[in-house]
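Peer 1: next input, structure requested:
(one chain, ligands or ions: 1)
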Amino acid sequence: MRLLFSTEEIREKVEDLASQIRGDYQGKKPLLVGLLKGSFVFLADLMRALDQPLEVDFVRLSSYGHGTESSGRVRVLHGLKTPVRGRDVLVVEDIVDTGHTLSYFLESLARRRPASLRVCTLLDKPCRRCVPVTIHYRGFTVEDVFVVGYGIDWAEEFRYLPAIYALEKAECASKTSSP
Ligand code: PRP
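Peer 2: Now for the predicted structure:
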């Protein structure tokens, strides 16, 4: 496992993102919507760094296909319960990869007429993008490596790691072949 971003680098990046967001949402009470499961650690830190009136809700979507490849078909496992009409909605993601998950969700949110709709992601992997998505607040850009930690998993492992790591190919292979 190779360290990509230390806890200190993440902390500084979260502060930086929070400062940008705070400036753009002055006098507003944004609704932060986290995409589970991966975003819950980032959202928890971002929310506290923002230190302003806001609301939080979560959705759980599943983009399914073969193995780790997204098919582009997205299933809603737990939908958004908070009404978004007229709200300033900020979608919070841990990572944008192909863009399928976010694109699907943004389309469904836009139909519900929010006052504004923006995206904040901690990690962006633009080299893997299949569907264009506009990202308003971006933490780190990463190359085509499998990342884990800070809420992000590999086959449900490693979410607990406080920093962000790249998994080596051999580690992915051994996990894939385990029962
Ligand atoms: C990950 C991540 C994003 C999505 C990005 O979630 O949290 O939501 O994949 O991929 P995409 O841009 O190719 O659609 P995942 O489906 O692994 O679920 P999890 O958050 O529960 O781990």
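
Peer 1: in the chain, which spans are helices?
Peer 2: Counting by DSSP state H, the chain has helices at residues 7-24, 40-50, 100-110, 169-177.

Peer 1: can you tell me which of these the model trusts least?
Peer 2: Ranked by mean pLDDT, the helices of the chain end with helix 169-177 in last place, scoring a mean of 65.

Peer 1: make a markdown table from the helices of the chain and add mean neighbour count to it.
Peer 2: The way it works is simple: take the backbone N, C-alpha and C, and place the C-beta from them, glycine included. As requested, those are arranged in a markdown table below (neighbours: other C-beta atoms under 10 Å):
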| stretch | mean neighbour count |
| --- | --- |
| helix 7-24 | 15 |
| helix 40-50 | 19 |
| helix 100-110 | 18 |
| helix 169-177 | 12 |
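
Peer 1: and Gln20, what does it touch?
Peer 2: When contacts are counted by C-beta atoms under 8 Å, 6 or more residues apart in numbering, Gln20 touches Tyr137.

Peer 1: now swap in Ala115 and tell me
Peer 2: Under the criterion of C-beta under 8 Å, 6+ apart, the contact partners of Ala115 comprise 86-88.

Peer 1: just Gly34 next, same as before
Peer 2: With C-beta under 8 Å, 6+ apart as the criterion, the residues that contact Gly34 are 40, 42-43, 56-59, 92.

Peer 1: the ligand versus that one, what's the distance?
Peer 2: Distance of Gly34 to the ligand, given as C-beta to the nearest ligand atom, to the nearest Å: 10 Å.
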